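Colleague: sequence plus predicted model, see below.
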Amino acid sequence: MYRMITVEREYGSGGGEIACELAKQLGWKVWDHALTEEIAKVANVECSTVERCEERADGTFQRLVKVFWRGSHERSIPLPGSDTFDTDRFVAVGQQVMEKVAEAGNCVIVGRGAPYFLRLRADAFHVFLYAPHAEKLRRLLKVGKSAREAEDLLDTIDRDRITFVKRYFNADWPTRCLYHLMINTAVGNENVIPTILNTMHSLERAPVSV
């Protein structure tokens, strides 16, 4: 029985919105920006420190961590960071929080390395969402991004994720073998959401091979 869904996604493919609808239909909790807040809480980082960190230009991998660990709200919410809170510590705290969330179950987790941290859990159903450039641009414009900002984000976010995953998990991004389902969101959320749920429930009903 699956107790959680992880939603990894190309930036702009609608992962946050789709995750929220999945959680709504299942009656589960969404861990998106709330996961980032929990990491900050566990790391005991003051809000003032977080705010200063957001305004400060930092090192390459500190920046990569900020980009990767944001969910559907890239570059719009604060993250833990200080001179003593480096990327290695950030990943360690993230893993601790992720395991706690997984134990509680009944949740949909957006991004933040969830399929890598939870890859050995049999109760996690992993989804990867992608879309053509034009579809991602359309979605970003729809939520209020300017064309210039959208193009900049599409050009940098996923490239940074690739670098982050290679460094901290020694893997390619996306690692296709981790996912139960990879789906093009250009077919529309009204098709993506039932496809995810139907596939997950179908696998739950399938006999276990020995």
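Modeller: Perfect, thanks for sending it. Numbers count the residues shown, from 1 in each chain.

Colleague: low-confidence ranges, the chain, go.
Modeller: Across the chain, the ranges flagged by pLDDT under 70 are 45-90, 207-210.

Colleague: doesn't Leu129 fall inside a helix?
Modeller: No. Using DSSP: H, G, I helix; E, B strand; the rest coil, the secondary structure at Leu129 is strand, not a helix.

Colleague: and it, how close does it get to Ala43?
Modeller: Taking Cβ to Cβ, to the nearest Å as the measure, Leu129 falls 28 Å from Ala43. All C-beta atoms are positioned from the backbone trio N, CA, C, and that covers glycine.

Colleague: could you measure from the residue most central in space within the chain over to Ala147?
Modeller: Ranked by distance to the mean C-alpha position of the chain (Cα atoms, centre = their mean), the top residue is Gly111 at 1.0 Å. Gly111 sits 24 Å away from Ala147, going by Cβ to Cβ.

Colleague: repeat that for Lys41.
Modeller: Relative to Ala147, Lys41 is positioned 37 Å away (Cβ to Cβ).

Colleague: also Lys29?
Modeller: From Lys29 across to Ala147, the span is 35 Å (Cβ to Cβ).

Colleague: let me see the contact set for Lys41.
Modeller: Listed by Cβ atoms under 8 Å, 6 or more residues apart in numbering, the contact set of Lys41 is empty.

Colleague: report the longest helix in the protein, please.
Modeller: For the chain, the helix that runs over the most residues, judged by DSSP state H, is helix 147-169.

Colleague: what residues of that one count as buried?
Modeller: 150, 153-154, 157-158, 160-165, 168-169 (16 or more other Cβ atoms under 10 Å).

Colleague: list the helices and strands the helix or strand Glu17 falls within packs on?
Modeller: Secondary structure assigned from DSSP states H and E places Glu17 in helix 15-26. In this structure, helix 15-26 packs against strand 4-9, strand 29-31, strand 107-110, helix 189-205, with contacts taken as 3 or more Cβ pairs under 8 Å, 6 or more residues apart in numbering; DSSP states H and E.

Colleague: save these as CSV, and put in mean neighbour count and distance to Leu141 too.
Modeller: Output for the helices and strands packed on helix 15-26, formatted as CSV (neighbours: other Cβ atoms under 10 Å; distance: least, Cβ to Cβ, whole Å):
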stretch, mean neighbour count, distance to Leu141
strand 4-9, 27, 17
strand 29-31, 21, 24
strand 107-110, 26, 21
helix 189-205, 14, 16
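
Colleague: any idea which of these gets closest to Glu17?
Modeller: Closest of the helices and strands packed on helix 15-26 to Glu17 is helix 189-205, at 6.7 Å (criterion: Cβ to Cβ).

Colleague: which other residues reach that closest one?
Modeller: Everything outside helix 189-205 that qualifies as a contact, by Cβ under 8 Å, 6+ apart, is 1-2, 5, 14, 17-18, 21-22, 25-26, 125, 127, 129, 180-181, 183, 185.
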